[in-house]
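**Q** when you get a sec, could you give me coordinates for this:
(one chain, ligands or ions: 2)
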Amino acid sequence: MTAPGLWPDSFDFAGFNAPIGEEYAIDNVEVEGEIPREIAGAFFRAGADPKFHPTVAKDTFLSGDGVVSRFLVEDGKVSFRIRYVDTPRHLAEVQAGRALFGAYHNPYTDDVSVRDLDRTTANTTPIWHAGRLFLSKEDAHSYEVNPHTLETIGPWTYGGKLRTLTTSAHPRFDPQSGEMFIHGYEAAGPCSRDVAFCVVDAKGELVSETWFEAPYCAMLHDFALTENWAIFPIFPTISEIDRLRAGGPAWIHYQDRPSYLGVLPRYGQGSDIRWVKGPDGLSGYHIMNAYEERVGDTTLIHVDHNVMETNIFPFIREASGIDASPADIRAALMRWTIDLDRLEDGWTETALGPPGDMSRTASCDQGRPYRYGFYANYDPGVGPPHAHSVVGAGFNCLQRIDVQSGELVVLPLGPDRSVNEPVHVPSAEPSGAGWLLAVVDTHSTMTSELWFLDAGDIAKGPVAKAKLGRRLRPQIHGSWVSMDALKASVRRPVDED
Ligand code: V55
Ligand code: FE
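**A** Ligands and ions are numbered 1, 2, ... in the order given. Model prediction:
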């Protein structure tokens with residue numbers, strides 16, 4: 001267990017965000033209601049849970065040790081397990097009995113004894129591809145984890161073929177070919193402007209890696225993929241080597257610098273990249289979806305994502321001297337459209353829906369014209385802010401947007417609850433909308449539940465809940481893996497008893 005009472009005095013370590021530091025398994029989680037039998041598989045979750053008190057006075061939720069957890073769902077029953085990701089960083093700190101790594105994303109603040117060690121916490125996304133599970137963070141390579149035991153196997157470099165020093169926590173998948181596309185920023189080391197772009201085939205082989213140079217070393221968290229194109233959003237949240245070397249904050253958001261979209265044919269070379277310039281000061285993290293539209297003899301690309309007028313993370317705004325209260329930051333789910341024949345015109349912007357994050361679509365909709373997106377939102381009318389999740393206030397609404405008609409369906413969770421990023425589970429019924437699974441946290445009882453919702457009717461509330469009876473630290477991202485895919489994993493449940 002982690003020691004109470006000595007954590008930095010901020011929302012990152014309070015309430016639901018208080019560190020937990022326990023690895024455990026629950027075989028039979030209490031279920032209320034009936035879990036639809038067609039839901040069979042594993043909901044893998046990545047999270048952050050600092051084991052030791054930080055060495056820096058101010059630390060962020062984003063720096064916590066990676067934990068991987070799994071809800072296994074089959075025959076209406078649920079089991080749960082959670083473990084640390086045994087990165088070299090975590091193992092070294094456990095060995096030392098204290099934190100050795102310093103400030104978020106700044107290797108120059110680490111103890112000299114760990115100067116040559118991988119400093120990733122692998123705390124951001126569980127990635128499933130070609131029968132393997134990886135835990136990822138954007139500052140290093142991913143770590144392979146046995147999906148049955150949650151034991152860490154080691155860093156994943158495609159048999160040593162990978163040249164980039166980083167692969168992001170947001171790969172994109174072609175649902176038809178089974179290919180995975182993955183980028184890595186700071187590919188050549190801290191503050192380098194090099195971005196790697198890799199194609200991995202359906203069998204898990206790295207088939208290409210090409211590099212391009214971004215306008216600046218931006219926090220390039222996610223990218224958009226269509227059937228033929230990859231689009232890289234560059235927002236002016238920038239890292240600079242002199243500041244890092246001086247032990248300063250890694251990221252500063254510049255309100256007076258432009259945003260860009262990098263446009264690359266998805267099987268192209270880095271040298272093919274073209275840049276579209278946009279307004280100053282914008283910020284965004286996650287892409288909901290993107291697709292191409294043929295209009296006359298030109299092609300439009302639509303990118304749907306939450307766009308904010310400044311960086312959403314309080315610690316980045318503070319480091320940047322940006323004084324904005326969260327309630328005043330303008331944001332919306334936006335559609336940005338570029339015309340491939342007129343990139344010099346920039347992009348046009350169409351508001352699709354209220355602000356929010358942690359978006360999802362059905363996997364089969366990725367990169368193609370689609371109708372439904374799901375995402376979480378904080379609505380102050382629903383309840384007060386609670387210490388929860390990486391943005392501070394937890395999300396208290398789950399929403400489905402019809403991006404064609406604009407229709408919005410909302411499930412408000414009330415003043416006492418926060419919701420984590422959902423996963424979408426497809427239905428075997430041809431007309432079925434599928435299911436949404438999301439962990440919902442109740443603040444008055446400090447307990448977490450896995451809710452099962454009909455994706456076609458989220459407003460009616462959960463059809464079933466699996467009640468853990470204890471608190472989970474908020475999730476970063478999650479992934480759904482069907483039971484068939486899990487059973488076909490290249491890894492076996494060797495040490496499962
Ligand atoms: C994010 C999360 C991170 C990170 C950078 O959601 C960006 C955004 C959990 O770690 O390091
Ligand atoms: Fe993310």
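**Q** show the contacting residues for whatever residue of the stretch 101-250 of the chain ends up closest to ligand 1.
**A** Relative to ligand 1, the nearest point of the stretch 101-250 of the chain is residue 124 (4.3 Å; CB to the nearest ligand atom). In this view, the C-beta of every residue, glycine as well, is placed from N, C-alpha and C. Residue 124 is in contact with 46, 66, 135-138, 169, 476-477, counting by CB atoms under 8 Å, 6 or more residues apart in numbering.
**Q** repeat the analysis, applying 7 Å as the threshold.
**A** Contacts for residue 124 (CB atoms under 7 Å, 6 or more residues apart in numbering) come out as 46, 136-138, 169, 476-477.
**Q** now do the contacts for the closest residue to ligand 1 within the stretch 351-497 of the chain.
**A** Scanning the stretch 351-497 of the chain for the residue nearest ligand 1 gives residue 476, at 4.5 Å (criterion: CB to the nearest ligand atom). Contacts here follow CB under 7 Å, 6+ apart; on that basis residue 476 touches 46-48, 123-125, 390.
**Q** just those: which has the poorest pLDDT?
**A** The member of the contacts of residue 476 with the lowest pLDDT is residue 390, at 73.
**Q** for it, the count of nearby residues, please.
**A** Other residues near residue 390 come to 20 when the count uses other CB atoms under 10 Å.
**Q** next one: the one 3 residues further on
**A** The number of residues packed around residue 393, counting by other CB under 10 Å, is 18.
**Q** then the one 3 residues further on?
**A** Counted with other CB under 10 Å, the neighbours of residue 396 add up to 27.
**Q** what of residue 469?
**A** Neighbour tally, residue 469, other CB under 10 Å: 11.
**Q** my guess is it contacts residue 446, does it?
**A** No: contact criterion CB atoms under 7 Å: residue 469 and residue 446 do not qualify, at 10.3 Å.
**Q** just to revisit the earlier point, so what does the residue of the stretch 351-497 of the chain closest to ligand 1 have for phi and psi?
**A** Torsion angles at residue 476 (phi, psi; degrees, to the nearest 10) stand at phi -90, psi -80.
**Q** low pLDDT regions in the stretch 351-497 of the chain?
**A** 391, 495-497 (pLDDT under 70).
**Q** on the three-state scheme, the closest residue to residue 107 other than its chain neighbours is what?
**A** Using CB to CB, 6 or more residues apart in numbering and skipping residues adjacent in sequence, the residue nearest residue 107 is residue 119, 5.7 Å away. Look at residue 119: counting by DSSP: H, G, I helix; E, B strand; the rest coil, its state is coil.
**Q** spell out which parts of the stretch 301-450 of the chain neighbour ligand 1.
**A** residue 390 (CB under 6 Å from any ligand atom).
**Q** which helix is the longest one in this structure?
**A** Ranked by residue count under DSSP state H, the longest helix found in the chain is helix 88-96.
**Q** what mean pLDDT does it get?
**A** Averaging pLDDT along helix 88-96 gives 98.
**Q** how about it: buried residues?
**A** Residues of helix 88-96 classed as buried by neighbour count (16 or more other CB atoms under 10 Å): 88-90, 92-93.
**Q** what do you get for stretch 200-207?
**A** Applying a neighbour-count criterion of 16+ other CB under 10 Å, one finds 200, 204, 206 buried in stretch 200-207.
**Q** who's in contact with it?
**A** Outside stretch 200-207, the residues within contact range by CB under 7 Å, 6+ apart are 129-130, 132, 158, 161-162, 177-180, 182, 198-199.
**Q** just curious, which of those is nearest to residue 227?
**A** Nearest to residue 227 among those, counting by CB to CB, is residue 177 at 9.8 Å.
**Q** tell me the pLDDT of that closest one.
**A** pLDDT at residue 177 comes out at 98.
**Q** excluding chain neighbours, what is closest to it?
**A** What sits nearest to residue 177 in space, not counting adjacent residues and going by CB to CB, 6+ apart, is residue 202, at 6.3 Å.
**Q** do residue 16 as well
**A** Leaving aside its chain neighbours, residue 16 sits nearest to residue 388 (4.8 Å; criterion: CB to CB, 6+ apart).
**Q** how about residue 223?
**A** In space, and not counting its chain neighbours, residue 223 is closest to residue 232: 4.8 Å by CB to CB, 6+ apart.
**Q** need the contact list for that neighbour.
**A** With CB under 7 Å, 6+ apart, residue 232 has these contacts: 183, 195, 220, 223, 261-262.
**Q** compare those and tell me which has the most neighbours.
**A** Neighbour-wise, these (other CB under 10 Å) top out at residue 195, 29 neighbours.
**Q** ok, it touching residue 214?
**A** Yes: contact criterion CB under 7 Å: residue 195 and residue 214 qualify, at 5.3 Å.
**Q** SS state for residue 267?
**A** Strictly by three-state DSSP, residue 267 counts as coil.
**Q** which one is it nearest to, not counting chain neighbours?
**A** Nearest non-adjacent residue to residue 267, counting by CB to CB, 6+ apart: residue 199, 6.9 Å away.
**Q** show me what residue 32 is bridged to.
**A** On the basis of DSSP bridges, residue 32 is bridged to residue 465.
**Q** the helices in the stretch 101-250 of the chain, which residues?
**A** 241-245 (DSSP state H, counting those that start in this stretch).
**Q** so where's it shaky on pLDDT?
**A** For the stretch 101-250 of the chain, no range has pLDDT under 70.
**Q** ramachandran angles for residue 15?
**A** Phi and psi for residue 15, reported as degrees, to the nearest 10, are phi 60, psi -130.
**Q** which ones are touching it?
**A** Contact analysis of residue 15 by CB under 7 Å, 6+ apart lists 386-388, 443.
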